[in-house]
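*Asks:* sharing a sequence plus its predicted fold:
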Amino acid sequence: MAYEPKYKITDNILARVAEIESIKTKVDSSYILPEREIEMRHRATVEATHSSTSIEGNPLDYRQVERALSTTTALTRHQYAELEVRNYGKALDFVDKRKKINNPITLQDILKLHAIIMDGLLPDDKVGKLRKNDVYIINQNDVVQYIGPEAGVVANELQKLLNWLDDASLSVHPIIGAGLLHFQFVSIHPFSDGNGRTTRALTTLYLGLRDYDLRGSLVLDSYYSVAKQEYYSALHDSQGNNYAKAATSDVTRWLDYFTTGFLSSAKILLTEITLISSAIGDIPARINHDEADILAYAKQFSAISLSDTEAILPHIARRTLQRRLNSLVDRGYLRLEGKARNIVYSWNREKNDKGNNQ
């Protein structure tokens, strides 16, 4: 029996997909200095690695992840955590190379991804190998929340999913295809461990093959990390408590969450690209990546506070963040409003719109 997902394209989902299409057009057509694009992609790798591993409980902060990706030398006492980070970085490198080979995803690709991600983290007989035992997902109260398919049918279920992805490549929008791949793969739960990270890396590969990874800089993992409870809730609502239900359920609820996260991530990326590609005076792209994150947040929510800035840039000291906010005020990107503890930094629409139209 073939995989046939059940879902509805609601008005909200359709509107998000249309808005993402518009953003993609702008992202693809933006001129960015080559060295800045390299920096942007590197930062996307660090951010995706930090977010995807932290979802699974990795304790390293952003700066520690960035350093761990740049060396094989032990940097902290968390050597297992550093290995998780380096492995995921290598998996994203594999994704970057594999997407240039324009062939459909295969079971061997999936096993390869898992082998890279879990190298040294699982016994050899489980690395890059489909699970041989049944799986039960336990919640924080030690209650069985989800039962995956029997081990003996995992390979067949994966192949049905891959066949559907190939057949649907011309009829299903890449965003919807990515959402359905993510849902079905995590529902099959094909490995003894490392399923979440493999799912997220595989989704990134699929988007790359469909030319929908927004210049290799889209990071969906950050949204999953920030909205983690909503992530698990959306999965559970669509999955039910076992694979038999998940395989036949309506996954519109999950697609609603997935497209919301996709749009949020795409908006942040567009703001960053717009800022670093805009010529300001005679010097192009004087906005660094951390400042771009601050401005992306301020643009989306009209203003940002120091506490908000600490939340989105936890790897930077409070005093440094204060200086960056003040610098953005001095340069006219933000406006200082309020006093003492009620200070906020509002988006200077007049200045930014003028700069982006130059």
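*Replies:* Cool, got the structure. Numbering: from 1, shown residues only.
*Asks:* CA atoms for contacts and neighbours, from now on please.
*Replies:* Will do.
*Asks:* mind checking the longest helix of this structure?
*Replies:* Assignment by DSSP state H gives helix 252-277 as the longest helix of the chain.
*Asks:* please name every helix or strand in contact with it.
*Replies:* Helix 252-277 sits against helix 11-29, helix 174-188, helix 221-226, helix 228-239, helix 289-301, with contacts defined as 3 or more CA pairs under 8 Å, 6 or more residues apart in numbering; DSSP states H and E.
*Asks:* so where is the stretch 251-358 of the chain shaky, pLDDT-wise?
*Replies:* Filtered on pLDDT under 70, the stretch 251-358 of the chain yields the residue ranges 277-289, 351-358.
*Asks:* state the helix or strand in which residue 53 lies.
*Replies:* Assigning secondary structure by DSSP states H and E places residue 53 in helix 34-55.
*Asks:* just to revisit the earlier point, residue 4 is nearest to which of the helices and strands packed on helix 252-277?
*Replies:* helix 174-188 (10.3 Å; CA to CA).
*Asks:* tilt between the closest one and helix 228-239?
*Replies:* Between helix 174-188 and helix 228-239, the angle formed by their directions is 80 degrees, by axes from the mean of the first three to the mean of the last three CA atoms, to 10 degrees.
*Asks:* which residues are contacting helix 174-188?
*Replies:* The contact list for helix 174-188 (CA atoms under 8 Å, 6 or more residues apart in numbering) reads 5, 17, 148-149, 154, 157-158, 161, 165, 168-169, 195-196, 199-200, 202-203, 206-207, 210, 212, 235, 239, 243, 246-247, 254-255, 258-259.
*Asks:* chain center to it, what's the gap?
*Replies:* Shown here is helix 174-188, whose average C-alpha point lies 14 Å from the average C-alpha point of the whole chain (CA atoms, centre = their mean, to the nearest Å).
*Asks:* go on, stretch 220-233?
*Replies:* 9 Å.
*Asks:* what residues sit buried inside that stretch?
*Replies:* For stretch 220-233, a neighbour-count test (16 or more other CA atoms under 10 Å) marks 220, 221, 222, 223, 224, 225, 231 as buried.
*Asks:* give me every residue that touches the residue lying closest to the last one once chain neighbours are set aside.
*Replies:* In this structure, residue 231 finds its nearest non-sequential neighbour in residue 224, 6.1 Å apart by CA to CA, 6 or more residues apart in numbering. Applying CA under 8 Å, 6+ apart to residue 224 gives the contacts 51, 55, 231, 261.
*Asks:* any idea which of the buried residues of stretch 220-233 is the one closest to residue 9?
*Replies:* Closest approach between the buried residues of stretch 220-233 and residue 9, by CA to CA: residue 231, at 19.3 Å.
*Asks:* coming back round to it: Serialize the buried residues of stretch 220-233 to CSV and add fields for pLDDT and distance to residue 176.
*Replies:* Rendered in CSV, the data for the buried residues of stretch 220-233 read as follows (pLDDT from 0 to 100; distance: CA to CA, whole Å):
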residue, pLDDT, distance to residue 176
220, 94, 14
221, 92, 17
222, 88, 19
223, 89, 17
224, 89, 17
225, 86, 20
231, 92, 16
